[in-house]
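Chemist: Predicted model and sequence follow; I will ask about them next.
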Amino acid sequence: MAAAAAAVKDGPVEVSPVNIGFTYEIKGKVQGVFFRKYTKAKADELKIVGWVRNTVRGTVEGEAQSTNRESLSKLMVWLRDIGSPKSSITGSTFSDIS
């Protein structure tokens, strides 16, 4: 069996930026008030990727990832303190993604 040879390029190696992020759960009046829709719009504005969903506990949970720490911080503040216009946030938990 012949071993496959890997091609090696000369010059600088391109390294993709590493995504960082967090998971979150938001408590309060966050279902039935377009919280997920506004969260997606805010994430799109900040060029953050991830997901968001309602839970059976009546909360909203999700994950946010980006290469930009400042954008992630802005989304975290928005999730914790602002939310959708008709929401009422009573608590939030965040965990870093390793």
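Modeler: Yep, it's here. Residues are numbered from 1 along each chain as shown.
Chemist: which parts of the longest helix along the chain are buried?
Modeler: Longest helix in the chain by number of residues (criterion: DSSP state H): helix 35-45. For helix 35-45, a neighbour-count test (16 or more other Cβ atoms under 10 Å) marks 35-36, 38-39, 42-43 as buried. C-betas here are computed from N, CA, C, even on glycine.
Chemist: avg pLDDT for it?
Modeler: Predicted confidence along helix 35-45 averages 98 (mean pLDDT).
Chemist: Could you number the chain from 739 rather than 1 from now on?
Modeler: New numbering, starting at 739: the last item is helix 773-783.
Chemist: rewinding a little: for the buried residues of helix 773-783, which one is nearest residue 797?
Modeler: Residue 797 lies nearest to residue 773 out of the buried residues of helix 773-783, by Cβ to Cβ, at 9.8 Å.
Chemist: Give me the pLDDT value at residue 740.
Modeler: At residue 740, pLDDT is 51.
Chemist: can you map out the strands along this protein?
Modeler: In the chain, the segments counted as strands under DSSP state E are 758-767, 787-792, 798-804, 826-834.
Chemist: Which of the ones you listed sits closest to residue 815?
Modeler: strand 826-834 (10.3 Å).
Chemist: and the nearest residue to residue 807 once chain neighbours are set aside, how many residues sit next to it?
Modeler: Of all residues not flanking residue 807 in the chain, residue 758 sits nearest, at 6.6 Å (Cβ to Cβ, 6 or more residues apart in numbering). The local packing of residue 758 (other Cβ atoms under 10 Å) involves 15 other residues.
Chemist: Kindly report the same for residue 760.
Modeler: Around residue 760 there are 20 residues (other Cβ under 10 Å).
Chemist: I figured it was touching residue 801, is that so?
Modeler: Yes: contact criterion Cβ atoms under 8 Å: residue 760 and residue 801 qualify, at 7.4 Å.
Chemist: so what sits against both of those two?
Modeler: Common neighbours of residue 760 and residue 801, using Cβ atoms under 8 Å, 6 or more residues apart in numbering, are residue 835.
Chemist: Work out the gap between stretch 827-836 and the centre of the chain.
Modeler: 11 Å (Cα atoms, centre = their mean, to the nearest Å).
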